[in-house]
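Enquirer: Need a 3D model of the sequence below.
(chains A, B, C and D)
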Number of protein chains: 2
Amino acid sequence: MSTAEQKRRKNQLAPRREPVQARARERARQILDTTGRLLEQVGLNDLTTILIAKELGVSVGSVYHYFPNKHAILYAMGEQWLASLTERLDELAASELEQLSLESFLNELLDLWLSVYQDQRGLLPLVQAMWGIPELHELDERHDELVINHLVAMFERLGFVCPPNEANRLARATLETCHAILLVIVNQQGVRAQRTRSDLQNMLMVLLEPHRNESRPSGLDDVEAP
Amino acid sequence: MSTAEQKRRKNQLAPRREPVQARARERARQILDTTGRLLEQVGLNDLTTILIAKELGVSVGSVYHYFPNKHAILYAMGEQWLASLTERLDELAASELEQLSLESFLNELLDLWLSVYQDQRGLLPLVQAMWGIPELHELDERHDELVINHLVAMFERLGFVCPPNEANRLARATLETCHAILLVIVNQQGVRAQRTRSDLQNMLMVLLEPHRNESRPSGLDDVEAP
DNA sequence: AAAAAACCGGCGCATTGCGCCGGTTTTTTT
DNA sequence: AAAAAAACCGGCGCAATGCGCCGGTTTTTT
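Expert: Presented below is the predicted three-dimensional model:
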């Protein structure tokens, strides 16, 4: 039966084949580039494989050589974005966090985070895709988990005194706040952007400060599991 | 030509006809109720008109008596949600804000805001729809504008000293932070939810406090238009 | 030069839920 | 109570739509 086979193909997200030649590797990269550009221009809804091929100046067939379907392209974009975020977070984790004040830690964190948001073309539609397309949900969850785990680990190294679930809660709040406000900043310019960035940093200070070292927060108890 | 006619129908968002009989008005309400419930259960992607009809125990035809298409149903839901938010904000605006401390103002604001978020079934998929479905974008924009205008007006009455564009920037930051964190809170329970709510309030305090009365913020100048 | 990889683009086709329609039942009107 | 208006019913036609396969050609590698 062809139907089952098609379903399998459709739900397949892994690249069709690993490109071995240099030109091919380049093509795969170009496809992602073009997709990013198009996402910015036309948005998620009007993005089609034909459009990608036309824009890149190759045939549809070529595109399908590398990706089994459209979602796989978006998935790859998402993974790339996750990878760059991981890389930057690891960089930060490699530095001597223990020496840092909370303020300068947040400064570094926001710098790297913002740069990842700014460098990613078509970020907004991509986020939208990770929300809206079932096949990509997993990416969204991995993203959250990734960030939260990194944050929790860093919190500890910064001398936070709080039980695991509470740290987790803080990390989630940090994540969501940053995510929302960074998306705002990316669409602002000049002074406006700078002030919002500074506001974000202040808000995070207030969120996290009470959990550092001696200054005990009102409640010591841990919180329920998520 | 039937195609053009169909296109027209498809882009039509207004209810097909205003229900006059009591039973009919009830049906329209039921359809929205059911849609909300289904949004919660199956999400946006698997929501179909057939499913709505089946769940409600009426025929598809009946559904189409009231709404020209599926988007119109979601649009109506969105409007309902906007209406309840407007109502609550107007209530708050009717009270004597000038007397309130920033802290108690934020308390009231968050209370009402949270309750609107909690009462709306299937809020998350609805938000997703307002992002993802072009026909509903307008709703999203109206929502943002509505909240921002209310906030700016309230900021002024609370004695904020800042130029209009700056107030607008603050309102946007407030909106996005609340939106993100309220969505988190709605999915939390017990202590966890309470603490996050309190964190949100603290963050907003820090965001807004510097702009009140004498305590002048670092920069007085207005910021660029949005 | 032969083999392997990459490229090409037309087009068949499955899918899918939309929403129209003709007829029936219920409610309102007179 | 009868006629008119409104609401309800559910089968099914169908249009749109973009996916992605295929057979053959060109380029790169060995």
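
Enquirer: and the spatially most central residue of chain A, what does it touch?
Expert: Chain A has residue A:82 as the residue nearest its centroid, 4.9 Å off, counting by C-alpha atoms, centre = their mean. By C-beta atoms under 8 Å, 6 or more residues apart in numbering or on different chains, the contact set of residue A:82 is A:139, A:142, A:143, A:146. Every residue, glycine included, has its C-beta placed from N, CA and C.

Enquirer: Among those residues, name the least confidently predicted one.
Expert: Lowest in pLDDT among the contacts of residue A:82 is residue A:139, which has 91.

Enquirer: ok, it to chain B distance?
Expert: To chain B, residue A:139 is 16 Å away according to C-beta to the nearest C-beta, to the nearest Å.

Enquirer: what's the helix or strand for the residue nearest to the centre of chain A?
Expert: Using DSSP states H and E, residue A:82 falls within helix A:70-94.

Enquirer: List the buried residues of that helix.
Expert: For helix A:70-94, the neighbour count (16 or more other C-beta atoms under 10 Å in any protein chain shown) marks A:70-78, A:81-82, A:85-86, A:88-89, A:92 as buried.

Enquirer: gap between residue A:118 and chain B?
Expert: 17 Å.

Enquirer: Which stretches in chain A count as helices?
Expert: Using DSSP state H, the helices of chain A run over A:2-11, A:22-42, A:49-56, A:60-66, A:70-94, A:102-119, A:123-132, A:134-157, A:164-186, A:190-208.

Enquirer: will you turn those into CSV that also has distance to DNA strand C?
Expert: Shown next, in CSV, are the helices of chain A (distance: least, C-beta to the nearest atom of the strand, whole Å):
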stretch, distance to DNA strand C
helix A:2-11, 4
helix A:22-42, 3
helix A:49-56, 7
helix A:60-66, 2
helix A:70-94, 14
helix A:102-119, 25
helix A:123-132, 15
helix A:134-157, 12
helix A:164-186, 30
helix A:190-208, 39
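
Enquirer: Could you measure from residue A:210 over to chain B?
Expert: Taking C-beta to the nearest C-beta, one finds residue A:210 at 9 Å from chain B.

Enquirer: Check what pLDDT that residue gets.
Expert: Looking at residue A:210, its pLDDT is 93.

Enquirer: neighbours around it, how many?
Expert: By other C-beta atoms under 10 Å in any protein chain shown, the residues close to residue A:210 number 16.

Enquirer: Does residue A:204 touch residue A:106 like I think?
Expert: Yes. Shown here, residue A:204 and residue A:106 form a contact pair, counting by C-beta atoms under 8 Å, at 5.3 Å.

Enquirer: returning to that earlier point: lowest average pLDDT across the helices of chain A?
Expert: For the helices of chain A, mean pLDDT drops lowest on helix A:2-11, to a mean of 42.

Enquirer: tilt between the helix holding residue A:82 and helix A:49-56?
Expert: For helix A:70-94 against helix A:49-56, the angle by axes from the mean of the first three to the mean of the last three C-alpha atoms, to 10 degrees is 70 degrees.

Enquirer: for helix A:70-94, the distance to its chain's centre please.
Expert: Relative to its chain's centre, helix A:70-94 lies at 6 Å (C-alpha atoms, centre = their mean, to the nearest Å).

Enquirer: Break chain A down into its structural domains.
Expert: Residue ranges for each domain of chain A read A:17-66, A:74-211, as given by automatic domain parsing.

Enquirer: Present the ones you listed as JSON lines; the columns should include distance to DNA strand D.
Expert: Output for the domains of chain A, formatted as JSON lines (distance: least, C-beta to the nearest atom of the strand, whole Å):
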{"stretch": "domain A:17-66", "distance to DNA strand D": "4"}
{"stretch": "domain A:74-211", "distance to DNA strand D": "10"}
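
Enquirer: In JSON lines: those, plus distance to residue B:112.
Expert: Converted to JSON lines, those look like this (distance: least, C-beta to C-beta, whole Å):
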{"stretch": "domain A:17-66", "distance to residue B:112": "33"}
{"stretch": "domain A:74-211", "distance to residue B:112": "20"}
